[in-house]
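**Student:** the following comprises the amino acid sequence and a computationally predicted model.
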Amino acid sequence: MPETQSPPVMGMAAAEGIEDPFEAFNAASGQGSVRDPYPIFAAMREAAPVHRVAMDGEAQAESSMLRGISREIYVAVSYDAVKEVLTDAERFSSAGYAESMGLVMGHSILEMDGAEHTRHRRLINRAFTRHALEAWERDLVRPVVNRYVDRFAKRGRADLVRELALPFPVQVIAAMMGLPEELHGSFHRLAIEIIGMSIDFERGMAASKKLGEMFRPLVEERRERPGSDLISVLANVGTEGERLGDEQIFAFLRLLAPAGAETTYRSSSNLLFGLLSSPEQLDALRRDSSLIPQAIEEGLRWEPPLPSIMRRATRDTELQGVPIPAGSSVAVNLGSANRDENYFEDPDRFDIFRSAEHPHMSFAFGPHLCLGMHLARMETRVVLTTLFERLRGLRLDPQGDDVHITGMTFRSPMVLPVVFEPEREVSPGAAGLGGDAAR
Ligand code: HEM
């Protein structure tokens, strides 16, 4: 998801109760600048479950990233505070997104509340059935992942971020939508421009319009001649009176690239980084693939790709004892909740054997719980099993230069240089690629 929905980290003054806790964050408008915010989150949690933070008015006026965010924001850092906000959509609304990312996305499910959200979600959910997921895994995700691995398997070394984790989820989303292959490149470019609206708002708006123009004829065509792709499902779902309108479909499709690709690329990179940095856990997983689901959850808990989301208080209220005035923006720190020591023992440790007693918050909680979480899990599972099947002796490149996760609004490693035994034979997974399967 784009930066526009992340907590305002630029130009922030000190949070109450701690000595300038956001100093390190001030420079963090992008990746590479914040290495480990978790000690700061821990200090915040220790001081209070919720903090009031005053915004720097000048920075706010200059940054489109901070559009629609109140002058004083509240940051929920404890597990209980985060869960309370996300569970109670009546007190903590998602409508604030309309003034930030909604400007470029359109009126999407993300900014809906209450009955409108329930109705919309019920319709869209029909595109994400178990049956669809199985077909996507077989016909799309496996071939796409294998096609990327084909490109470096014989080389014996690769950068798993740039050569696999970054490109494959966008290809999956584009193919799921049923975009003709010649449009995949422009879809990817426009999706990046939309996400970049925090840097260049006009460009983001222009990209939004172009995406709408790209989708319009496809929606019309699929209304006439539906296929099994996502656009066909969205164009025809529901009874006469409840059909989704064109603009609603466009908004959802615009949302999917940042929501589905940006997050999945980063979460699978984070998990790979955790495993490659703990070779004994990597070996255990290789030996016993039944551990893969819990490894995926631990990767998500330990380093969520999207550490924070936003809500807005609909009325004067109280959160974990802290009064919050109506209209205040509330930054919901999922990353901090995931490391709350009251819920997770030794929370900074990456440990795939951790008990799953408490769910992590990386897919959010409550009514807006990530709609694509089963798809994201499946994609990550396919990446892991493909790498294990094809690349023997996979490990971090010892020549690699201090590889680590960075970022504030999004978090992931920028590179993941690895070495492995060069693949000799044609892999079974690589067979039958090209044509429809590889799209
Ligand atoms: C590991 C990968 C992913 C993570 C960590 C993630 C995280 C999230 C989070 C935190 C939210 C809640 C946002 C909010 O309420 O402010 C969300 C919502 C959503 N996600 Fe994901 N997501 C991931 C993958 C995907 C994928 C693959 C798709 C679809 C292709 C997807 C589609 C959506 C949609 C449509 C929503 C809005 C749901 C609603 O508003 O009811 N996500 N996701």
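**Tutor:** Here it is on my side, so go on.
**Student:** could you report the distance from the closest residue to L391 other than its chain neighbours to D150?
**Tutor:** Leaving aside its sequence neighbours, L391 sits nearest to F420 (CB to CB, 6 or more residues apart in numbering; 4.0 Å). No exception for glycine: its C-beta is placed from N, CA and C like everyone else's. To D150, F420 is 14 Å away according to CB to CB, to the nearest Å.
**Student:** same question, G241
**Tutor:** 48 Å.
**Student:** more neighbours, those two?
**Tutor:** D150 (17 against 5; other CB atoms under 10 Å).
**Student:** could you say which helix or strand holds the spatially closest residue to T264 that is not a sequence neighbour?
**Tutor:** Spatially, and ignoring its direct neighbours in sequence, T264 is nearest to P169 (4.1 Å; CB to CB, 6+ apart). Taking DSSP states H and E as the definition, P169 sits inside helix 168-177.
**Student:** which helix or strand lies directly C-terminal to that helix?
**Tutor:** helix 184-195.
**Student:** tell me the angle that next one makes with helix 168-177.
**Tutor:** 110 degrees (axes from the mean of the first three to the mean of the last three CA atoms, to 10 degrees).
**Student:** what sits against A356?
**Tutor:** Q294, E297 (CB atoms under 8 Å, 6 or more residues apart in numbering).
**Student:** on that earlier part again, how many other residues sit next to the residue nearest to T264?
**Tutor:** 27.
**Student:** pretty sure it contacts S267?
**Tutor:** No - using CB atoms under 8 Å, P169 makes no contact with S267, being 9.6 Å away.
**Student:** so does stretch 178-186 get close to the ligand?
**Tutor:** No - using CB under 6 Å from any ligand atom, stretch 178-186 never reaches the ligand; the gap is at least 13.7 Å.
**Student:** repeat for stretch 254-266
**Tutor:** Yes - judged by CB under 6 Å from any ligand atom, stretch 254-266 and the ligand are in contact via L255, L256, A259, G260, T263, T264.
**Student:** excluding sequence neighbours, find me the nearest residue to the first one.
**Tutor:** Going back to what we said before, that points to L255. Excluding its sequence neighbours, the residue lying closest to L255 (CB to CB, 6+ apart) is S108, at 4.6 Å.
**Student:** what about that neighbour, how many neighbours?
**Tutor:** 23.
**Student:** cool, I199 as well?
**Tutor:** 15.
**Student:** quick check: it vs E193, distance?
**Tutor:** Taken as CB to CB, the span from I199 to E193 is 10 Å.
**Student:** cool, and N270?
**Tutor:** 25 Å.
**Student:** I figured C370 hits A364, correct?
**Tutor:** Yes - the pair C370 / A364 is scored as a contact, 6.0 Å apart, by CB under 8 Å.
**Student:** how about the residue in the stretch 301-439 of the chain that the ligand sits nearest to, nearest residue that isn't a chain neighbour?
**Tutor:** Distance from the ligand to each residue of the stretch 301-439 of the chain (CB to the nearest ligand atom) is smallest for G372, at 2.0 Å. Nearest residue to G372 in three dimensions, chain neighbours excluded: G260, at 5.1 Å (CB to CB, 6+ apart).
**Student:** could you do Q320 as well?
**Tutor:** P49 (4.2 Å).
**Student:** list the contacts for that neighbour?
**Tutor:** P49 sits in contact with A76, V77, S78, D80, A81, L319, Q320, G321, V322, where contact means CB under 8 Å, 6+ apart.
**Student:** ok, so of those residues, who is nearest L416?
**Tutor:** Among these, V77 lies closest to L416 (CB to CB), at 29.0 Å.
**Student:** understood, closing this out.
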